[in-house]
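1. Using only what follows, build the 3D model:
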Amino acid sequence: MLFPLIFSLVGLLLFVLIGYNVIQQYKLKVEAERRISIAKQRGVIAEVDELLLNATRMPFSKSLLLILQNRIRNALLLMMNISPGTAAIRDHFANTDAQIQQIQTNYTQPDESSFRAPESDKEALALLQVTKKIRAVLRSEHAKGKINTEVFVAEDHRLEIMQLKINLENSMQRVLDAQINQQFGSANQMINKLLKVLSTIPDKDAYLEHKQQQLVDYKNEIKSYLVKTNDEELKAMQIKEQEKKNDLDELFADKKKW
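-> Numbers count the residues shown, from 1 in each chain. Take a look at the predicted model:
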């Protein structure tokens, strides 16, 4: 009688221990998943914050700012659902809501022509990376149904034009460098490519119109220089030929008898 009772108690104890371990493992798994989810949303927020830092370097539309701020808001909302007792997340959420309200009521969209050209290749590369990241965010938000197709197409086009402006500035600097080095063939080739690209943009703003005219002026300057240079070279050759002719005439002229 005693042994069956002992075996029963041992079996119950093992069952409890196994059950406890299963529960603990489940809790650890849930906690690990919670931490991973929170870390993922923190990464989303950090990425958007980094993109928003560039609002002073390139004109952000009101729609784009709201898309980015709402991306932060959605990430915080997920974090609140995962960890509802965290005061810092609730405060961040409230601050984000206030910023969204501020943008909706007071934000004045800058003129697209106010784009500030990058001052170095390094800055240009950084801006290109920013525009690419923002376009990736737009595609993600559109795929999730967070923004409608009309807004997505308009904002993606704006960023595409922004990338064109950055690349245009870099290319125009290379054109000037080629001119300085008297590599007029290369400079003219780059100018023709840039003008061809600009000709495909139907909605050019004042900035792009100005750059297009600059390129036309560069092309005309190169043409005038080459024409002038060719004329001068031709004139020099003609003078040289005339001098040779005079020398030959003198050589074969009748000799005077003294």
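2. going forward, measure contacts between C-alpha atoms and count neighbours the same way
-> Fine.
3. helices and strands of the protein: which one has the lowest mean pLDDT?
-> One helix or strand of the chain scores below all others by mean pLDDT, DSSP states H and E: helix 206-252, with a mean of 69.
4. so what's Ile100 up against?
-> 66, 69-70 (C-alpha atoms under 8 Å, 6 or more residues apart in numbering).
5. Same check on Asn167?
-> Contacts of Asn167 by C-alpha under 8 Å, 6+ apart are Ala124.
6. quick one: what helix or strand has it in it?
-> Assigned by DSSP states H and E, Asn167 belongs to helix 149-180.
7. elements contacting the helix or strand following that helix?
-> Following helix 149-180 in sequence order, the next helix or strand is helix 184-199 (DSSP H and E). Contact partners of helix 184-199 among helices and strands, from 3 or more C-alpha pairs under 8 Å, 6 or more residues apart in numbering; DSSP states H and E: helix 149-180, helix 206-252.
8. Just the buried positions in the helix holding Asn167, please.
-> 152, 155-156, 158-159, 161-172, 174-175, 178-179 (16 or more other C-alpha atoms under 10 Å).
9. got a list of contacts for stretch 215-229?
-> Contacts of stretch 215-229 (C-alpha under 8 Å, 6+ apart): 172, 179, 184, 188, 191, 194-195.
10. Restricting to C-alpha, output it in CSV.
-> Output in CSV follows, covering the C-alpha atoms of stretch 215-229 (Å, rounded to 0.1, in the frame of the first residue of the first chain):
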residue,chain,number,x,y,z
LEU,A,215,23.4,73.1,-69.8
VAL,A,216,22.3,74.7,-73.1
ASP,A,217,24.6,77.7,-72.2
TYR,A,218,27.5,75.3,-71.5
LYS,A,219,26.9,73.5,-74.8
ASN,A,220,26.9,76.8,-76.7
GLU,A,221,30.1,77.9,-74.9
ILE,A,222,31.9,74.7,-76.0
LYS,A,223,30.6,75.1,-79.5
SER,A,224,31.8,78.7,-79.7
TYR,A,225,35.2,77.8,-78.3
LEU,A,226,35.7,74.9,-80.7
VAL,A,227,34.7,77.1,-83.7
LYS,A,228,37.0,79.9,-82.6
THR,A,229,39.8,77.4,-81.9
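11. Nice, that's everything, thank you.
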